[in-house]
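Participant: Predicted model and sequence follow; I will ask about them next.
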Amino acid sequence: MFYGAISWRKGLTKMDKKKIAIVGNPNVGKSVLFNVMTKQYVTVSNYPGTTVEVSRGEAKILGVKYDVVDTPGMYSLFSLTEEEKVSRNILQNENISIVLHVVDAKNLERMLSLTIQLIESGMPLILVLNIMDEAHKEGVSVDLNSLEEVLGIPVVSTVSVSGEGIDALFQKISRYEYKVLPVPVEYFLDKSIKRMEELLDENSSENFSKRAIALLLFQEDSEISARIFKNSSNSKKIQTFIEEVKLEYPYPLVYVMALDRAKRVQKIISSTVISVKEKGISFREKLSRVTMNPLTGFPLLFLILYFGLYKFVGVFGAGTVVDFLDEKIFDVHIYPFLTEIIKKIIPISVFADLFIGEYGMLTLGLRYAIMLILPIVSFFFLVFSVIEDTGYLPRLAMLIDRTFKSMGLSGRAVIPIVLGFGCDTMATMVTRTLPTKRERVIATMLLALAVPCSAQLGVILGLLGTREKALMIWAFIIMIVFLFTGFLAANVLPGERPSFYMEIPPLRFPKISNIIVKTYVRVKWYLWEVLPLFLGASVLIWLGRLTGIFDLSIKLLEGPVKFIGLPVETAKVFLFGFFRRDYGAAGLYDMVKHGFLNDREIIVAAVALTLFLPCIAQFLMNVKERGWKTGVSISVFVLFFAFFVSYLINVVLSKFGIFG
């Protein structure tokens, strides 16, 4: 058996600067390889028209500079998710010199199908067998020479996290020569494929071979079909021919080709891979099953939330660390120093207030951002990086899938929901990856209503950390609201029950270097985003106070605030919360610190603020992602629902004499 590319590419090796695209399934080490290759020369941006992140950088390989693109995870050229569409568009539309197909060596059988599709596409390809160390531990060995001979493309093994095999990969890249190799006639419908190639115009394939376009047409790929049907001079003949071929098979052609491809993969594996697996189940596999079994998975999740979020982020981060920074550092040293300096520089009090007044840029904006929010966010992202690096997140998605199904979502929605505990605005962007409009709307609404961002959550955990009964009541209410709202939305919004599949990587002991880098990058991103917003909010409040708009807005909020049983002074906290959720939480922290609220009022305020309107950034993102009608409707629902629930909580707590 022999595979190879089709003769169609011209002049690619003569480009001044070559471009490398890294492709492969999720969780195979693409990004690690990208970081090894590019080092510090990295930029991350959204692919045009999407919110899918694509990393780009520059690598110097044996003296030659290459542009490198790290594409989102993909399973097939037949694209189902937005990530797969972005990856395919990069391959199809950008001038790619070499494609590095990164695969998990121990799961080669599951990943070679994409390799075959890439070969059929005519892309200049190198197969990278990554995570080879884990493959060896599991008794899997690959005959690289035989695999190269069978596929007709260069093959190299690597362990990208340790750098093993990277030099060999660089040699393969440096010496790469595009070869014209025959493609075997092995599909059941190969005659039909050849006929389809004849019907296609010469310029219809772009970077892909005509064969690849023909295969995607038979699979009824929506993007490819729409483009070909619109632009081809033979569009009617092509559509008629597809219908004729479909009648020849009892199953959809996408299934027929997948089955045929799987048989070819089996033949390749049988001649190139030796697997000697140990008898019984390894400890790591047993632990993996524990994380996904509802009987053990949910208690484990509770422990992670208790020790990771409550004890570490809440009690220690938002309590001990924030108290020390705010009371011992800012109040004692920084605030007196800033006040003295500003008063000397700006003697006019109305302008000095912009910097050191009650809502000043330094005394409120800078203090909230650096002394209160930054420590909490840092501890949250540290915990998140540890969880992510272990491979626990995909298992959490599998664990939660059944619960989410009753809410009109699938386990795939775990990713934006969990990210929401970091930043709801960013998480709302990530909802684009959900496959249906219904799922995207439900996830957006839940993020706006019942998922506190890390800074807001940290402050609330810090406030309630010494009041465990109050914390349990707050957590129970937010969880019930989350589940009830999701269940209600699933039954009100029309749509089918979502399906779900996800690659499950092996459980790994987290690498300290990975955790440090991921935490640093996220904290840096958050700080650069939040600091200007906090300072800007202080300026707006200052202007609002000068013009009277700020006081008027507070006056309008006093009625709803009194309705839910809170003192009118908390109205400004909710106004802060609309600027940013964490801004409002920090304002609540100040009020509790100065003794303005009793325990019952703290619970009601914490619930109301958690469920309150999304911040301006998230509101604008909701409108951008879901449209004005849906975005505004979500905010109106959230506003009224938040005060309604808070009113009920206040009534119940007062009636039963809980917390006085």
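Facilitator: Ah, there it is. Numbers count the residues shown, from 1 in each chain.

Participant: and residue 270, what is it in contact with?
Facilitator: With contacts defined as C-beta atoms under 8 Å, 6 or more residues apart in numbering, residue 270 has no neighbours. C-beta coordinates here come from the backbone N, C-alpha and C atoms, glycine included.

Participant: Can you verify it is assigned to a helix?
Facilitator: Yes. Assessed by DSSP: H, G, I helix; E, B strand; the rest coil, residue 270 belongs to a helix.

Participant: Show me the longest helix that occurs in the protein.
Facilitator: Counting residues, the longest helix found in the chain (DSSP state H) is helix 512-547.

Participant: What sits closest to residue 352 if chain neighbours are left out?
Facilitator: Leaving aside its chain neighbours, residue 352 sits nearest to residue 346 (4.5 Å; criterion: C-beta to C-beta, 6 or more residues apart in numbering).

Participant: Could you list the low-pLDDT ranges of the stretch 451-600 of the chain?
Facilitator: The stretch 451-600 of the chain contains residues with pLDDT under 70 at 501, 530, 580, 582-583.

Participant: can you give me the strands for it?
Facilitator: Read by DSSP state E, counting those that start in this stretch, the stretch 451-600 of the chain holds no strands at all.

Participant: Ok, the stretch 1-150 of the chain next?
Facilitator: Under DSSP E, counting those that start in this stretch, the stretch 1-150 of the chain gives strands at 18-23, 42-46, 53-61, 64-70, 98-104, 125-130, 140-142.

Participant: Just tell me which of those strands ends up closest to residue 546.
Facilitator: strand 42-46 (37.9 Å; C-beta to C-beta).

Participant: Tell me how far the residue sitting furthest away from the middle of the chain lies from residue 353.
Facilitator: Taking C-alpha atoms, centre = their mean as the measure, the residue most remote from the mean C-alpha position of the chain is residue 347, 48.4 Å away. Separation of residue 347 from residue 353 (C-beta to C-beta, to the nearest Å): 12 Å.

Participant: Repeat that for residue 258.
Facilitator: 68 Å.

Participant: So which of these two has more stuff around it?
Facilitator: residue 353 (19 against 15; other C-beta atoms under 10 Å).

Participant: Domain boundaries for the chain, per the record?
Facilitator: With domains defined by automatic domain parsing, the chain comprises 12-174, 190-271, 292-655.

Participant: among the strands of the stretch 1-150 of the chain, where is the model least confident on average?
Facilitator: Among the strands of the stretch 1-150 of the chain, strand 42-46 has the lowest mean pLDDT, at a mean of 46.

Participant: quick one: contacts for the residue lying closest to residue 72 once chain neighbours are set aside?
Facilitator: Among residues not flanking residue 72 along the chain, residue 83 sits closest, at 3.6 Å (C-beta to C-beta, 6+ apart). Residues near residue 83 by C-beta under 8 Å, 6+ apart: 52, 72, 73, 74, 433.

Participant: pull the helix or strand with minimum mean pLDDT from this structure.
Facilitator: strand 42-46 (a mean of 46; mean pLDDT, DSSP states H and E).

Participant: Which parts of the stretch 101-250 of the chain are helices?
Facilitator: 108-121, 132-137, 144-151, 166-174, 190-199, 210-218, 222-231, 235-246 (DSSP state H, counting those that start in this stretch).

Participant: export those helices to JSON lines and tack on mean neighbour count, mean pLDDT and distance to residue 287?
Facilitator: Converted to JSON lines, those look like this (neighbours: other C-beta atoms under 10 Å; pLDDT from 0 to 100; distance: least, C-beta to C-beta, whole Å):
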{"stretch": "helix 108-121", "mean neighbour count": "21", "mean pLDDT": "90", "distance to residue 287": "22"}
{"stretch": "helix 132-137", "mean neighbour count": "18", "mean pLDDT": "87", "distance to residue 287": "15"}
{"stretch": "helix 144-151", "mean neighbour count": "16", "mean pLDDT": "90", "distance to residue 287": "31"}
{"stretch": "helix 166-174", "mean neighbour count": "17", "mean pLDDT": "93", "distance to residue 287": "30"}
{"stretch": "helix 190-199", "mean neighbour count": "16", "mean pLDDT": "83", "distance to residue 287": "46"}
{"stretch": "helix 210-218", "mean neighbour count": "24", "mean pLDDT": "86", "distance to residue 287": "40"}
{"stretch": "helix 222-231", "mean neighbour count": "15", "mean pLDDT": "82", "distance to residue 287": "40"}
{"stretch": "helix 235-246", "mean neighbour count": "14", "mean pLDDT": "86", "distance to residue 287": "46"}
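
Participant: Select, out of those, the one closest to residue 475.
Facilitator: Here helix 132-137 is closest among the helices of the stretch 101-250 of the chain (C-beta to C-beta), at 37.5 Å.

Participant: for the helix or strand containing residue 649, packing partners?
Facilitator: Assessed by DSSP states H and E, residue 649 sits inside helix 628-655. Under the contact definition 3 or more C-beta pairs under 8 Å, 6 or more residues apart in numbering; DSSP states H and E, helix 628-655 sits against helix 437-450, helix 468-492, helix 549-563, helix 599-611, helix 616-626.
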